[in-house]
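S.K.: Any chance you could fold what I've pasted below:
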Amino acid sequence: HAQQPTLSDTNLYIKNLPAEYSDKDLAALVEGCGKIKSMKAIIDKQTNKCKGFGFIDFESHEDAQNAIAELQKKGYTAQLAKSSQQQEQDETNLYFANLDLNMT
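M.R.: Numbering: from 1, shown residues only. Next up is the predicted model:
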């Protein structure tokens, strides 16, 4: 029986962000909702554009709830993010190419 991941009390996951959005744009979306600890628009390294989602971590649960309501009024999908301790870690493989055949 798989355990349900717990949700953060203060960290929001926001979807439907425009490609040109940055961290500053995220802050502007929730201006007046409460104190922000951190924010991150997820940027594609290839295109340098927002991938359409980001995170905002607030000081309090109440501020986070206010921001969810405000973001939903503006047409964004916003919800509490999964707690980072509960998120499964993907295995990472590192591949090397074009190595010298004599390398040890």
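S.K.: Mean confidence (pLDDT) on the lengthiest helix in the chain, please.
M.R.: As assigned by DSSP state H, the longest helix anywhere in the chain is helix 61-73. Mean pLDDT, helix 61-73: 95.
S.K.: How about that helix, which residues are buried there?
M.R.: Using 16 or more other C-beta atoms under 10 Å as the test for burial, helix 61-73 gives 63, 64, 65, 66, 67, 68, 70, 71. (Each C-beta comes from the backbone N, C-alpha and C, glycine too.)
S.K.: Then stretch 23-38?
M.R.: So for stretch 23-38, counting by 16+ other C-beta under 10 Å, buried means 26, 29, 30, 33, 34, 36.
S.K.: Equivalent analysis for stretch 37-48, please.
M.R.: By 16+ other C-beta under 10 Å, the buried positions in stretch 37-48 come out as 39, 41, 43.
S.K.: Identify the residue spatially nearest to the last one, adjacent ones excluded.
M.R.: Spatial nearest neighbour of residue 43, excluding adjacent residues (C-beta to C-beta, 6 or more residues apart in numbering): residue 50 at 5.9 Å.
S.K.: how near is the one you found to residue 15?
M.R.: 11 Å (C-beta to C-beta, to the nearest Å).
S.K.: Ok, residue 101 next?
M.R.: To residue 15, residue 101 is 47 Å away according to C-beta to C-beta.
S.K.: Who has more neighbours out of those two?
M.R.: Taking neighbours as other C-beta atoms under 10 Å, residue 101 and residue 15 compare with residue 15 leading, 13 against 4.
S.K.: list the contacts for the closest residue to that one other than its chain neighbours?
M.R.: Leaving aside its chain neighbours, residue 15 sits nearest to residue 77 (4.0 Å; criterion: C-beta to C-beta, 6+ apart). Contacts for residue 77 (C-beta atoms under 8 Å, 6 or more residues apart in numbering) come out as 14, 15, 16, 71.
S.K.: what's the helix or strand for residue 80?
M.R.: strand 77-82 (DSSP states H and E).
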